[in-house]
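Participant: no sequence on this one, just coordinates:
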């Protein structure tokens, strides 16, 4: 199969639905053998079936990516099935929206585990395979929330700030071993996660009305638009790009 990821073995964490699902399908269409690592077995199986029906190669591995043992088992399973992993899209993540003073320590620890520790665990498990293969590309999902703070999202914004710096630091440490690492930073995107964020912010009195959205980023983004940005960063077309943050936000952070 030809394509921009031909010959690559790609893991997409959180790759069953939304932007992750769009990336799984696109990466497979571009020639990668795709391994979806996700907690949602039913959705992962559905996405794999869709990829297979379209002529792509994909499998899924059920794991909580904030759990070390489950991550190690999943990555080992991918390597056993397809060989060394050469592309990693660290996409898994979620959100907590509530006033800062109502945020519990348990929520703080949980969201950091899902959004940040997961990237550490997945990347640590995958990099040895990339080193063995002679190189690789890592893409981490950060957010406009890494640089543009939103009321009721202190916890979420903090985790995305960590994701932002994680990508940059991995890039610096592994540049001379032919491993690139970049972050893709979506604005508001039409996914279940994104629409839930809008709904919950509105319930907390934050103006994310259609008019406010238009002023901030023109329109809501589509998951495929983020997937295409992740594809570029993952591919050899971005061979001289590492440690960067690619904002997919239609100018939200430029205003």
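Facilitator: Okay, I see it. Everything numeric in this text was worked out from a predicted model, so none of it was measured.
Participant: what distance separates the longest strand along the chain from the centre of its chain?
Facilitator: Using DSSP state E to define each element, the chain has its longest strand at strand 179-186. Strand 179-186 has its C-alpha centroid displaced from the chain centroid by 9 Å (CA atoms, centre = their mean, to the nearest Å).
Participant: and if you look at stretch 158-166?
Facilitator: On CA atoms, centre = their mean, the centre of stretch 158-166 falls 12 Å from that of its chain.
Participant: And stretch 7-21, by the same measure?
Facilitator: 8 Å.
Participant: Please apply the same query to stretch 171-179.
Facilitator: Distance, centroid of stretch 171-179 to centroid of chain: 20 Å (CA atoms, centre = their mean).
Participant: returning to that earlier point: helices or strands next to the longest strand of the chain in the packing?
Facilitator: helix 118-133, strand 136-141, helix 154-174, helix 223-234, strand 245-248 (3 or more CB pairs under 8 Å, 6 or more residues apart in numbering; DSSP states H and E). For the C-beta atoms, the positions are set from N, CA and C on the backbone; glycine is no exception.
Participant: List the buried residues of it.
Facilitator: Under the neighbour-count criterion of 16 or more other CB atoms under 10 Å, strand 179-186 has 179, 180, 181, 182, 183, 184, 185, 186 buried.
Participant: Likewise for stretch 164-173?
Facilitator: Buried, per 16+ other CB under 10 Å, within stretch 164-173: 164, 166, 167, 168, 170, 171.
Participant: Stretch 95-108 too?
Facilitator: 95, 96, 97, 98, 103.
Participant: circling back: ok, the buried residues of stretch 164-173 vs residue 78, which is closest?
Facilitator: For the buried residues of stretch 164-173, the minimum distance to residue 78 (CB to CB) is 19.3 Å, reached by residue 170.
Participant: What spatial separation is found between residue 134 and residue 180?
Facilitator: 13 Å (CB to CB, to the nearest Å).
Participant: if I pick residue 182, what's in contact with it?
Facilitator: 137-140, 167, 171, 233, 238, 241-246 (CB atoms under 8 Å, 6 or more residues apart in numbering).
Participant: Then residue 72?
Facilitator: Shown in contact with residue 72 (CB under 8 Å, 6+ apart): 121, 125.
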